[in-house]
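> Structure for this input, please:
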Amino acid sequence: MPTCPTCHSKVTEPLKTWSTVEPGKNGKILECVVGIYWCTNCKTKFPYVLGKRDLKLIENRELQELHEKIKMMDKVEQELTKKIDQLEKEKTVVEGNLLLTRLEDRFENLKVEVSLLKEVKREIEDMINYLEHTSFFKLQGEKP
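So this is what the prediction gives:
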C-alpha cells in the first residue's frame, strides 16, 4: 500500500492507473503498472509503481513451437496419469494377494500348532488317567 511522500499517510485508492513499457536489460522489456494517488490528508498527488514484470518479444514461429511443446507435454502428462492409475490398481491387487498369502501361511502354521496342542493334550490326559489309576490302587493297597 503506497504512502504519501509528504506526510507518510497511507493512501488506498489510485485516481488513475496505466501501464508503461520500457526497454530493459538483456533484450527484455520492462512493463510497469503505475498509479497516481492523491493524499486526502495533505492534498499531495504522487505516482506509485504498483507492479513490474519482465517481458520478452519472440517470433510467432517460436511461440508456435512452444505451444506445440506444451500440447505434447499435456499428452505425456495424461499418459503418465493413466499409467499411475493403472499401477495403483495393480498395487492394490498385489497387496491383497500378499495379504492373502500371509493369512494362508498363518492358517497353516496355526493348524500345525493346534495338532501339536491336541497331541500334548492327549498325552497329558493319558498321564492323568494313569496317575489316577495308580493312585486308586495305592489307596486300595493293591498293585496295578
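
> ranges for the strands of this protein?
14-23, 29-38, 45-55 (DSSP state E).

> Poorly predicted segments of the chain, please.
Residue ranges of the chain with pLDDT under 70: 136-144.

> Okay, domains of it per the record?
14-57, 60-144 (automatic domain parsing).

> just those domains: most buried one?
Burial of these is given as mean neighbour count (mean count of other CB atoms under 10 Å); domain 14-57 ranks first at a mean of 12. All C-beta spots, glycine's among them, are computed from the backbone N, C-alpha and C.

> Phi, psi for Lys28 please.
Backbone torsions for Lys28, taken as degrees, to the nearest 10, come to phi -90, psi 170.

> Distance to Lys111 for the strands of the chain - can I get that in a markdown table?
Listed next are the strands of the chain as a markdown table, based on distance: least, CB to CB, whole Å:
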| stretch | distance to Lys111 |
| --- | --- |
| strand 14-23 | 81 |
| strand 29-38 | 78 |
| strand 45-55 | 73 |
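
> if we can go back for a sec, relative to Cys4, which of the domains of the chain is closest?
Among the domains of the chain, the nearest to Cys4 by CB to CB is domain 14-57 (3.9 Å).

> now do the same end-to-end measure for that closest one.
30 Å (CA to CA, to the nearest Å).

> for stretch 19-36, same thing?
OK, stretch 19-36 end separation, CA to CA: 12 Å.

> before we move on, the earlier item: dump the domains of the chain to JSON lines, plus distance to Thr6.
Below are those laid out as JSON lines (distance: least, CB to CB, whole Å):
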{"stretch": "domain 14-57", "distance to Thr6": "5"}
{"stretch": "domain 60-144", "distance to Thr6": "46"}
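
> Quick one, which of those domains gets closest to Met1.
domain 14-57 (9.3 Å).

> all helices of the protein, in order?
Secondary structure of the chain by DSSP state H: the helices cover 60-140.

> check contacts around the closest residue to Ser9 other than its chain neighbours.
Closest residue to Ser9 apart from its sequence neighbours, by CB to CB, 6 or more residues apart in numbering: Asn41 at 4.3 Å. By CB atoms under 8 Å, 6 or more residues apart in numbering, the contact set of Asn41 is 4, 7, 9.

> same check, this time on Gly27
Lys56.

> Which residue, other than its chain neighbours, is closest to Arg53?
Using CB to CB, 6+ apart, the closest residue to Arg53 is Glu31 (5.4 Å).
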